[in-house]
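Novice: no sequence for this one, just the structure:
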C-alpha cells in the first residue's frame, strides 16, 4: 500500500494479525493470565522493556492489544492503553504525570464521576483542580498556575453539551507547556479526531458509543504522541530515570509513546485496573461498525431535534446542532458529521412532569448510561450528577426539569411514538 | 544524553544504561526523517548485555540541533566527530537506509575503531524519486505520507507494532512530524546525490552483515543485492515478510541476526 488506510477499513482490520495457527478471521480471545517464555533471555528482555511481548495479562494481553492498536489507529495516536473502565482510564492517565502538589485546570461541564474525582478524591492525594466554564476560553489561561500540569475537558460537555474550543485551549496549553487531555467519549474518533486540533491525549469510556451495545465496561487512554515532554523539567515521571525499570528514561527511549509507556509500566502494574480479554473482544465487535452506528445515531438525533423543538409540551431543547445553542459555531467546526447523540430537554411542568415522562415511556430505557444502541433517558439532577453540590449543578448547566436523552438506533418513528406516551402522562403537570 | 559536536548540541540515547566508553559499543544510525526511537527495541537489548549502546539523532533530527547535514560525506565526518568526542571504541555499527550510506562512508574513511558493520535495508546508493524531494521541499506532510506509505509493509499499514498497544506507523509519523520540516528534504537530497558507494564498500575491511527485506519498496531487493556484491564476504539474510522498516516490522528476527553477528565479531564480557 502506498497510502494510508481509511477509517472504515481501520475499524475492521487495524491491530490484528490473522491467527497464524488456525486462520481464525475474528480476533481470538486469549483468555489466559500468563505466557510461556521460550527461554530466560526472552523473559528477562520482556521484563526490561527491551522487546515487545506478553508476560502477564494485567499488563498486556494479545486480544486487548488488538483493541489498543485499533483505537490508536482510529484516533491517529501513537499508542493506546485499555483499562477496566473509563474512570480507570482517567485516573491512570492523570496519575501518570501528576502527583502531590500538582494542579489541574478542568471544565465545569463533565461527567459527574470526573468532577467528583477531581473535586473530592484527588485532593486527598495532593492534586487540586480549578474548574472553568468550558465556554470561557480565556478562563483556562487565567487559571493556569506554576504547578499546573494538565488541562482536562470533554469536547462535548456532559450534560450541558457546550463544546470545548480545542484549538484555542490546546494553544493555551502549548504556551504554558501543559498538555490537553480530552475525554472524547461523546464524540468518538469518528465524529472528531481531537489530536488533529492540538489535543495531546484522549480518554474514552468505551462502555458508550465505541462499544455501542451496552454489554461491557471498558476504558482507554490514547497517547497523541505530540507533546514534547522534554522541553522543561515539569514532568519527571516521563523525563527522569524510572527506578522500577532499572532507571530507564521513558522520554528518551520511547519518544512519542512515552506517556502510554508510563501508564503501562506503572498504572497497569501497580494499580492493576486492566481490561479483560473477553471485554476487549466484545468492544472490538462494536468498533467494527462504529461509523455505521454513529451515522444512524446522528440521523436519528437530527430527526428527534426537529420533533422535540416543535413539540408544544417541550419548554426547551439543548443540542449543539441547533442554531440557538451557544456552541453551534464550534460544533460546525469540530463536529461536522454531527455533535453527538445526547439531547437534553425540559418537559413543561417541571420536575414532576419530567418524572412522569420518564416513568411512562416504554421503549426508551430509564437507566444511568449513554451511548447504547438503545434509546436511554434519565433525570441527571437526581442520578448521574446527584453527588455534586448545588453550585456545581448550576455550573454544569443542570436544571430540575432536565431530561437527558441518549438517542438510540431504533426506527425514529417508534421513538417518537413512545415519547408521545410519555408526554400524555406528563400533560397533567403542564 | 546531550553533548557537543562541531559546535552544536547533539543528542544520543544509550539504551537505558549509562554510556561506558570502555565497553564494546553498538552504534545505531537512523534513516532519513527518523530519530533514535527507531532503534529502541535493539539498543536496549545490547545495553542490557554489557555493550555501550549509542543511538544519536543526526543534526536537525528531534533532539540534535540543526541544520541537517547536506551530504552523506558530511554525515560520516560528523559521526566520526561524535565517536572521537565520546571516545567510543570497538564499534559495531548498525545502520538502516540512509544510515547505511553514512556507514559505508564512515567505514571506508574512519574505520580504525570499527569491529563490524550491519547494513539493513539499503543498496549502494539511494536514488530518490524527484516527486518525493519536491514534496519534502514544498509539502512535508505529503512527503511524510509518501515515505511511510512506501516504507511500511502490510503489518505497518494495519497499525500493528511489536510493542503491545503501539502503532509503529503512527509513531513514525509523530517522529517525522516532530523534525524541522525542511530537514527531510535535506536528507533526501543527500541520499540522491551520494555516488561513492561502490568505492566505499570495496574499502571496508571489517566483517559485514546485510539484512534485506522481501517487501521493501524503498530499497528493493535488487539494490540490496548490488550492495552485497561489492562488500567483502558479507553475511546476507533476506526477511521476506518485512517492508523497509525492518528493525520495527521484524524486530525479533532482526535482533537475533544482529545478536548472533555482533556477539561473535565484537564480544562483550559475559554477553549471553
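Specialist: Looks like it came in fine. These figures come from a predicted structure and were not determined experimentally.

Novice: Residue B:4: how many residues sit nearby?
Specialist: Counted with other Cβ atoms under 10 Å in any protein chain shown, residues neighbouring residue B:4 total 11. No exception for glycine: its C-beta is placed from N, CA and C like everyone else's.

Novice: where does it land in three-state SS?
Specialist: In three-state terms, and counting by DSSP: H, G, I helix; E, B strand; the rest coil, residue B:4 is strand.

Novice: helix/strand/coil for the nearest residue to it once chain neighbours are set aside?
Specialist: Nearest in space to residue B:4, with sequence neighbours left out and distances taken as Cβ to Cβ, 6 or more residues apart in numbering or on different chains, is residue B:10 at 6.8 Å. For residue B:10, the secondary-structure state derived from three-state DSSP is strand.

Novice: what's the neighbour count on residue B:10?
Specialist: A count of neighbours around residue B:10, defined by other Cβ under 10 Å, yields 22.

Novice: Give me the pLDDT for it.
Specialist: We note a pLDDT of 97 for residue B:10 in this prediction.

Novice: Let me see the contact set for it.
Specialist: When the contact criterion is Cβ atoms under 8 Å, 6 or more residues apart in numbering or on different chains, the partners of residue B:10 are B:2-4, B:56-57, B:59, B:64-65, B:82.

Novice: Compare the residues you listed and tell me which is most surrounded.
Specialist: In terms of neighbours by other Cβ under 10 Å, those top out with residue B:56 at 26 neighbours.

Novice: which helices and strands does the particular helix or strand that has that residue in it pack with?
Specialist: Per DSSP states H and E, residue B:56 falls inside strand B:52-57. Here strand B:52-57 is seen to pack against strand B:8-13, strand B:25-29, helix B:40-47, helix B:72-85 when contacts are counted using 3 or more Cβ pairs under 8 Å, 6 or more residues apart in numbering or on different chains; DSSP states H and E.

Novice: Could you pull up the mean pLDDT of that strand?
Specialist: 98.

Novice: likewise stretch A:31-50?
Specialist: pLDDT averaged over stretch A:31-50 equals 93, rounded to a whole number.

Novice: Same question for stretch B:130-147.
Specialist: Model confidence over stretch B:130-147 averages 92 on the pLDDT scale.

Novice: can it be found next to chain A?
Specialist: Yes - applying Cβ under 8 Å from any Cβ of the partner chain, one finds stretch B:130-147 in contact with chain A at B:145-146.

Novice: Ignoring the adjacent residues along the chain, who's closest to residue 69?
Specialist: Defaulting to chain A. Computed as Cβ to Cβ, 6+ apart, the closest residue to residue A:69 that is not its neighbour in sequence is residue A:15, at 3.0 Å.

Novice: was after chain B, sorry
Specialist: Leaving aside its sequence neighbours, residue B:69 sits nearest to residue B:75 (Cβ to Cβ, 6+ apart; 4.9 Å).

Novice: pretty sure that neighbour is in contact with residue B:58, am I right?
Specialist: Yes - with contact defined as Cβ atoms under 8 Å, residue B:75 and residue B:58 form a contacting pair (6.4 Å).

Novice: For the two, list the residues in contact with both.
Specialist: Taking Cβ under 8 Å, 6+ apart as the contact rule, residue B:75 and residue B:58 both touch residue B:69.

Novice: of these two, who's got more company?
Specialist: More neighbours sit around residue B:58 than around the other of residue B:75 and residue B:58, counting by other Cβ under 10 Å; the figures are 30 against 25.

Novice: Contacts only, for the more buried one.
Specialist: With contact set as Cβ under 8 Å, 6+ apart, residue B:58 has these partners: B:29-30, B:64, B:68-69, B:75, B:78, B:187.

Novice: how close does residue B:76 get to residue B:56?
Specialist: 13 Å (Cβ to Cβ, to the nearest Å).

Novice: Scan the contacts of residue B:58 and report the most crowded one.
Specialist: residue B:187 (28 neighbours).

Novice: wait, doesn't that residue sit right on residue B:32?
Specialist: Yes - applying Cβ under 8 Å as the test, residue B:187 and residue B:32 come out as touching, 3.5 Å apart.

Novice: shared neighbours, the two?
Specialist: In the contact map built from Cβ under 8 Å, 6+ apart, the residues linked to both residue B:187 and residue B:32 are residue B:98.

Novice: buried ones in the stretch of helix or strand residue B:199 belongs to?
Specialist: Secondary structure assignment for residue B:199, by DSSP H and E: helix B:197-202. In terms of neighbour count (16 or more other Cβ atoms under 10 Å in any protein chain shown), helix B:197-202 has its buried residues at B:197, B:200-201.

Novice: Make CSV out of those and add pLDDT and distance to residue B:117.
Specialist: Putting the buried residues of helix B:197-202 into CSV (pLDDT from 0 to 100; distance: Cβ to Cβ, whole Å) gives the following:
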residue, pLDDT, distance to residue B:117
B:197, 97, 13
B:200, 97, 11
B:201, 97, 10
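
Novice: so which of the residues you listed comes closest to chain A?
Specialist: When the buried residues of helix B:197-202 are ranked by distance to chain A (Cβ to the nearest Cβ), residue B:197 comes first, at 25.9 Å.

Novice: residues contacting the closest one?
Specialist: The neighbourhood of residue B:197, defined by Cβ under 8 Å, 6+ apart, consists of B:101, B:104, B:123-125, B:227, B:230.

Novice: any idea how far residue B:119 is from it?
Specialist: Applying Cβ to Cβ, the value for residue B:197 to residue B:119 is 11 Å.

Novice: now swap in residue B:238 and tell me
Specialist: Applying Cβ to Cβ to residue B:238 and residue B:119 gives a distance of 13 Å.

Novice: what does residue B:227 give?
Specialist: Counting by Cβ to Cβ, the separation of residue B:227 from residue B:119 is 6 Å.

Novice: Same check on residue A:176?
Specialist: Going from residue A:176 to residue B:119 by Cβ to Cβ gives 45 Å.

Novice: Have a look at these two and say which one is more surrounded.
Specialist: Between residue A:176 and residue B:119, counted using other Cβ under 10 Å, the more crowded position is residue B:119 (30 against 18).

Novice: In chain B, what residue spans correspond to helices?
Specialist: Secondary structure of chain B by DSSP state H: the helices cover B:40-47, B:72-85, B:98-109, B:130-138, B:140-151, B:154-157, B:168-178, B:181-193, B:197-202, B:221-230, B:246-249, B:251-265.

Novice: Measure how buried the closest residue to residue B:152 other than its chain neighbours is and give me the count.
Specialist: Nearest non-adjacent residue to residue B:152, counting by Cβ to Cβ, 6+ apart: residue B:243, 5.1 Å away. Taking other Cβ under 10 Å as the criterion, the count of residues near residue B:243 is 25.

Novice: Around chain A, which positions in the stretch 151-272 of chain B sit nearby?
Specialist: The stretch 151-272 of chain B comes close to chain A at residues B:154-155, B:157-167, B:169-171, B:174-175, B:177-178, B:217, B:251-252, B:255, B:272, as judged by Cβ under 8 Å from any Cβ.

Novice: Type out the ChimeraX command that picks the buried ones from the residues you listed.
Specialist: Selection of buried members from these for ChimeraX, criterion 16+ other Cβ under 10 Å:
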select /B:155,157,158,159,160,161,162,163,164,165,166,167,169,170,171,174,175,178,251,255
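
Novice: got the end-to-end distance for stretch A:141-148?
Specialist: As for stretch A:141-148, its first-to-last residue distance stands at 11 Å under the measure Cα to Cα, to the nearest Å.
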